[in-house]
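Asker: Task: produce atomic coordinates for the following.
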Amino acid sequence: MKIRLPGPLGSAALLVTAGAIVGTLMTRKGPAAPKGIPSCDGEYADTLQQLPPRIRDIENGQRSEYTYLIRSSAKYECPYYGPDGKIRRKRLESVEHGTAFAYEVANGETFLLTNEHVAAWPDVTDLTHKVDGVPDGCKRVEDRQRIVHDEHDTYEPGQISLTRVAVDPQLDAAILKTSHSLIAFPYRIGKSAALRQGNAVQVRGFPLGLIRAVNTGKVVNPYDLDQEQGWNHVDFVTDALLSEGNSGSPVLALSCKTSELQLVGMYHAGYKGHSALNVVVGIDQLREFMVKKRRVPRTSPEGSPALGATERKRVKDSLVASALPLFEFGGLHVMAEAQGDLLYYHLYGRDFPLDDRRIAVLEDRPGATGAGEISRLWVRSDPAGLREWQTKDLGGDERDFLVRFGEAVRSQMIRVMGYRRTLASSNAFEERRRGRELLRTIERQTMPSRELVGSMIDLVERLGPARDTPAVATASTGDAGAPAAPILRPPRAFEP
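Answerer: You can find the predicted model right below:
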């Protein structure tokens with residue numbers, strides 16, 4: 001089981017300074033070695049012993065200090081009952097330290113990359129969103145990130161404040177920025193897809209949040225599809241001995257062609273109980289996020305379910321032909337429905353079919369690339385009605401959550417439909433093998449999907465009776481003048 005590494009000092013978010021601007025970082029060419037590294041027969045070297053003098057000078061000099069210790073703190077308001085029986089509130093603070101690297105300096109600002117689990121805090125603590133020292137049921141009221149000298153640094157005037165620019169929970173990545181000019185990451189961005197087993201890597205960060213350190217190791221697995229804990233990206237696995245506080249650290253490999261170090265990934269998690277098995281988000285997954293500085297809608301990583309234009313049509317055809325377009329997701333029952341170019345996901349509670357009231361309905365509309373996006377949703381607002389919301393009218397956190405929820409539901413639907421096809425196929429051996437793989441993937445997604453469902457139920461409770469909107473359409477009443485609502489009735493087979 002892969003875990004985030006929050007230890008006594010918290011998760012580490014590494015901000016790597018990656019050049020004057022990201023465009024320059026990706027295109028500029030440093031002086032290449034005339035003949036490269038003679039013993040290399042691939043893209044990257046299997047040893048770091050052959051670093052040329054120029055690179056050794058960088059690694060041993062001031063320019064090597066391109067990693068930064070990040071202090072991330074949050075304050076939570078926690079309700080409790082006093083001796084008189086009246087509800088009261090107290091505030092608790094939690095602090096974590098991590099690593100980060102600055103990868104772009106432009107227009108007087110420096111942008112840094114780190115892990116999402118270092119730079120962001122849950123809105124509300126519960127069973128699946130724990131915060132050290134804070135009980136369940138507390139609400140976040142403040143959070144901030146700063147660059148500090150060490151864990152004991154209490155001199156705030158000497159600390160550098162950071163602003164959160166973008167987060168991508170599926171990549172476990174976050175971008176921060178500061179108005180200070182920081183030391184730039186001195187190397188080019190590489191290609192994580194070119195890594196192979198046995199390649200040597202170097203990791204710079206702050207293990208335990210205590211000291212600036214360098215760890216080295218080997219790539220033991222160049223491809224690991226990471227879909228645990230709500231993540232959805234491609235990792236590679238290294239045996240470098242890393243600790244709490246290394247999360248977010250830049251991972252470098254030595255290019256055989258140029259004899260220079262290149263950025264090939266960002267460390268983000270390790271296998272519980274196995275300090276020599278650590279996973280790194282491949283730089284190929286992070287590049288577009290770093291350039292655009294926002295969460296980029298994308299198809300799933302290679303090897304996992306995608307829903308582009310072709311797959312979307314296949315899903316629609318399968319739904320039309322299916323006698324039972326129903327599947328389980330995180331303990332809820334989801335009924336999928338195709339109407340023209342639109343897909344609808346009807347969410348029923350755990351008591352379905354005994355209780356056939358929908359919790360919510362999501363409208364999945366094809367985007368510019370053919371992949372879907374949640375454009376509208378209807379949430380239960382009273383025992384019988386559904387209240388409509390346009391996603392553009394929601395807050396940024398809510399929109400980001402619906403992107404993640406929609407991607408997870410689509411992926412689960414594709415897996416389930418694929419598994420059902422294997423059961424009906426006559427090609428016994430190959431289909432049984434594929435069926436087992438799909439079933440294992442479905443089972444691995446149980447816990448992440450339950451976390452998403454918990455957050456969806458919280459969102460329904462907030463958007464239903466607790467908030468008001470100028471344009472409310474209820475599917476049960478069909479108000480005149482309201483935007484056209486989809487046919488929100490389940491297939492006839494499930495009607496009373």
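Asker: Roughly how far does V251 sit from F111?
Answerer: Applying CB to CB, to the nearest Å, the value for V251 to F111 is 19 Å. (Each C-beta comes from the backbone N, C-alpha and C, glycine too.)
Asker: more neighbours, those two?
Answerer: Relative neighbour count places V251 above the other of V251 and F111, with 33 against 23, counting by other CB atoms under 10 Å.
Asker: quick one: secondary structure of the more buried one?
Answerer: Classification of V251 using DSSP: H, G, I helix; E, B strand; the rest coil returns strand.
Asker: and it, what are its bridge partners?
Answerer: Legend: beta-bridge partners of V251 under DSSP bridges are V203, G265.
Asker: which ones are touching it?
Answerer: V251 sits next to 201-203, 238, 263-267, 280 when contact means CB atoms under 8 Å, 6 or more residues apart in numbering.
Asker: counting contacts, what elements does the longest strand out of those in the chain pack onto?
Answerer: When the chain is parsed with DSSP state E, its longest strand is strand 87-106. Packing contacts for strand 87-106, counted by 3 or more CB pairs under 8 Å, 6 or more residues apart in numbering; DSSP states H and E, involve helix 22-27, strand 67-81, strand 109-114, helix 116-119, strand 139-148, strand 200-205.
Asker: For L171, find the nearest of the ones you listed.
Answerer: Set against L171 and scored by CB to CB, the helices and strands packed on strand 87-106 come closest in helix 116-119, at 7.3 Å.
Asker: Can you tell me which helices and strands that closest one packs against?
Answerer: Helix 116-119 packs on strand 67-81, strand 87-106, strand 160-168, strand 173-178, going by 3+ CB pairs under 8 Å, 6+ apart.
Asker: got the contact list for R91?
Answerer: Contact analysis of R91 by CB under 8 Å, 6+ apart lists 75-78, 141.
Asker: ugh, typo on my part, it should be R164
Answerer: So R164 contacts 119-120, 145, 174-176 (CB under 8 Å, 6+ apart).
Asker: Swap in 6 Å and give it another go.
Answerer: Counting by CB atoms under 6 Å, 6 or more residues apart in numbering, R164 touches 119, 176.
Asker: That one and R350: what is the separation?
Answerer: 35 Å.
Asker: again with T110
Answerer: 48 Å.
Asker: mind listing the strands in the stretch 251-400 of the chain by residue range?
Answerer: For the stretch 251-400 of the chain, strands defined by DSSP state E, counting those that start in this stretch occupy the ranges 261-271, 274-282, 326-329, 332-339, 342-348, 358-366, 372-380, 386-390.
Asker: any low-confidence regions in the stretch 351-496 of the chain?
Answerer: Applying pLDDT under 70 to the stretch 351-496 of the chain flags the ranges 368-371, 383-384, 426-427, 465-496.
Asker: quick one, helices of it?
Answerer: 396-424, 428-444, 446-463 (DSSP state H, counting those that start in this stretch).
Asker: and G265, how many neighbours?
Answerer: Neighbours of G265 using other CB under 10 Å come to 28.
Asker: got the contact list for it?
Answerer: Shown in contact with G265 (CB under 6 Å, 6+ apart): 192, 251, 280-283.
Asker: Most neighbours among those, please name it.
Answerer: With neighbours taken as other CB under 10 Å, the top of the contacts of G265 is V251, carrying 33 neighbours.
Asker: Distance of it relative to Y223?
Answerer: 15 Å.
Asker: Which one, of the helices of the stretch 351-496 of the chain, ends up nearest to R287?
Answerer: In terms of CB to CB, the element of these nearest to R287 is helix 396-424, at 19.4 Å.
Asker: picking that back up, for K313, find the nearest of the helices and strands packed on helix 116-119.
Answerer: K313 lies closest, by CB to CB, to one member of those: strand 160-168, at 27.4 Å.
Asker: the inter-axis angle of the closest one versus strand 67-81?
Answerer: 80 degrees (axes from the mean of the first three to the mean of the last three CA atoms, to 10 degrees).
Asker: Now strand 160-168: buried residues?
Answerer: For strand 160-168, burial by neighbour count (16 or more other CB atoms under 10 Å) applies to 162, 164, 166-168.
Asker: okay, T110 and R350: which has more neighbours?
Answerer: Using other CB under 10 Å, the more surrounded residue of T110 and R350 is T110, with 24 against 13.
Asker: quick one: that one from V131, how far?
Answerer: T110 is 28 Å from V131, by CB to CB.
Asker: correct me, but L182 touches A102?
Answerer: Yes - contact criterion CB atoms under 6 Å: L182 and A102 qualify, at 4.5 Å.
Asker: Of those two, which one has the most company?
Answerer: Neighbour count, other CB under 10 Å: between L182 and A102, A102 has more, with 28 against 21.
Asker: Next, the contact list for R434, please.
Answerer: Contacts of R434 by CB under 6 Å, 6+ apart are T422.
Asker: what about it, distance to R420?
Answerer: Distance from R434 to R420, by CB to CB: 12 Å.
Asker: Grab the nearest non-local neighbour of L277.
Answerer: Y271 (4.2 Å; CB to CB, 6 or more residues apart in numbering).
Asker: swap in E43?
Answerer: Residue nearest to E43 in three dimensions, not counting chain neighbours: A194, with 3.7 Å by CB to CB, 6+ apart.
Asker: Ok, which of the helices of the stretch 351-496 of the chain comes nearest I58?
Answerer: Closest among those, using CB to CB: helix 396-424, at 37.3 Å.
Asker: tell me what the closest one is packed against?
Answerer: The elements that helix 396-424 packs onto, with contact taken as 3 or more CB pairs under 6 Å, 6 or more residues apart in numbering; DSSP states H and E, are strand 326-329, helix 428-444, helix 446-463.
Asker: Tell me the helix or strand right after the lowest-mean-pLDDT helix or strand in the chain.
Answerer: In the chain, the helix or strand scored least confidently by mean pLDDT, DSSP states H and E is helix 22-27, which has a mean of 42. Using DSSP states H and E, the helix or strand that follows helix 22-27 in sequence is helix 53-60.
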